[in-house]
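*Asks:* This is the structure alone, sequence omitted:
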C-alpha cells in the first residue's frame, strides 16, 4: 500500500499494548558501529550501553574495508573489542562475515585496493567477471572465521547481506549465486560446526514485491538462495518505508502490521519449511525509515515510519503470526538500537523504554 502522511507525529499512542510472548525465540539487536558514528555517538560506548540490556543475541558485522584498510594489513582491533564486550555481557553472537556486502549503510564494504573500478551497474558479479575479487573475498571470510571460531559465544555465521539482491535503488549490480555459493563453501570448510545464516528483504506490499521480482528475475531473490545454501533463513521486516518527501510530508510504502505482511511472512516460512530451514527475523524495524540514511530526530515528535509504539507493534505482529502458523523463530533481532540511544541522549527515552518493556514482559 502507498500512503501519504506527515513526516513526524506529535504523539505515539499504543505504548501500553500487551507484549506478545516470545516463547523459545531469542531476542537481540544488530549493532552498526558506522551508524553510531553517523548519529554522533562513540561506537564502543554505545555498544557497552546497549549490552547492559538483558537480551540474548547480538549480531555484529565484520566490515572488510575496516579489517583491511590497505593491502597487506589485517586490523581486527575494533571487531575484537565488540566481541569481547559482548562476551563479558554474556551474549551470544552472530558475525556477518560479508565479504562484499554487510548490514548497515552503505552495505558494500570492499576495500578500494580490491576494486580497480566500481562494480558495473546492471550486471552480475561472478568469477567470470571478477575472479580476483572472489578469491580475495574467499580469503577474507576464511580469515574472519578462523579468527573467531574458537569463541564459544559465536553461534552462527552470516554470509553476505541480502546476498543476491541489488543495493536498494542506488546500485543495480548484484552478486551472482555462484559467487555466494563459493563463499558459503569457504565458511563451511573453515568451520563445519556452526550454522550459516542468509537473509532477505520481506516484500510485504505489492509494489515492492513486483519491483523485487523484476530486478532479480534472472536468478531469484535472496530468500531463494538462502533456502538452497543456508541453515537459517533470516527475514528483514520493515512495515513502513519512506520513499519521497517534501514540505513536511512523505510518501510511504507500507504493509503495516496487517494481512500484507502476514501473507509475505507466510510465503517465506512455507518455502523455508519445504527446504527444512530454520527461521529468524534478522531485522525487525525498530527505527524510522525515512528518505535519509540517517533517521531524523525531531524534538518532541516521532518520525511516521516508526514510532516507539510501532517498535512494539512490529514485534507483536511477527510473534502473533508465527504462533498462529505454528512456526518457530530462532531469534528476533531489533533494528535501530543506535537510534534509541540518540533519542535518549536528546531527552526522549521512549524507544529504549519500548524495547525494555518487551525484554521484561515477553
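*Replies:* Cool, the structure landed. Computed from a prediction, not measured in an experiment: that's the story for all the values here.
*Asks:* so where is the protein shaky, pLDDT-wise?
*Replies:* Scanning the chain for pLDDT under 70 picks out the ranges 11-16, 256-258.
*Asks:* Would you map the helices across it?
*Replies:* 33-38, 43-50, 64-67, 77-88, 131-148, 177-190, 206-216, 222-229, 259-274, 308-324, 337-345, 350-361 (DSSP state H).
*Asks:* Test my guess that residue 221 contacts residue 211.
*Replies:* No - applying Cβ atoms under 8 Å, one finds residue 221 not in contact with residue 211, separated by 10.9 Å. C-beta: built from backbone N, CA, C; applies to glycine.
*Asks:* Looking at these two, which one has more neighbours?
*Replies:* residue 221 (22 against 14; other Cβ atoms under 10 Å).
*Asks:* How about the contacts made by the more buried one?
*Replies:* When contacts are counted by Cβ atoms under 8 Å, 6 or more residues apart in numbering, residue 221 is found next to 164-165, 200-201, 212-213.
*Asks:* how close does it sit to residue 237?
*Replies:* According to Cβ to Cβ, to the nearest Å, residue 221 and residue 237 sit 15 Å apart.
*Asks:* Over to residue 22?
*Replies:* 15 Å.
*Asks:* Mind listing the residues bridging to residue 198?
*Replies:* As for beta bridges, residue 198 partners with residue 233 under DSSP bridges.
*Asks:* Please list all residues in contact with it.
*Replies:* 158-160, 163, 180, 184, 222, 225-226, 229-230, 232-234.
*Asks:* rerun that using 6 Å as the cut-off
*Replies:* By Cβ atoms under 6 Å, 6 or more residues apart in numbering, residue 198 lies in contact with 159, 163, 226, 230.
*Asks:* Not counting sequence-adjacent ones, nearest residue to the third one?
*Replies:* Once its chain neighbours are removed from consideration, residue 226 has its nearest residue in residue 198; the separation is 3.7 Å (Cβ to Cβ, 6 or more residues apart in numbering).
*Asks:* one step back: looking at the contacts of residue 198, which is nearest residue 143?
*Replies:* Distance ranking of the contacts of residue 198 against residue 143, using Cβ to Cβ, places residue 159 first at 14.2 Å.
*Asks:* I'd like to know how many residues surround that closest one.
*Replies:* By other Cβ under 10 Å, the residues close to residue 159 number 27.
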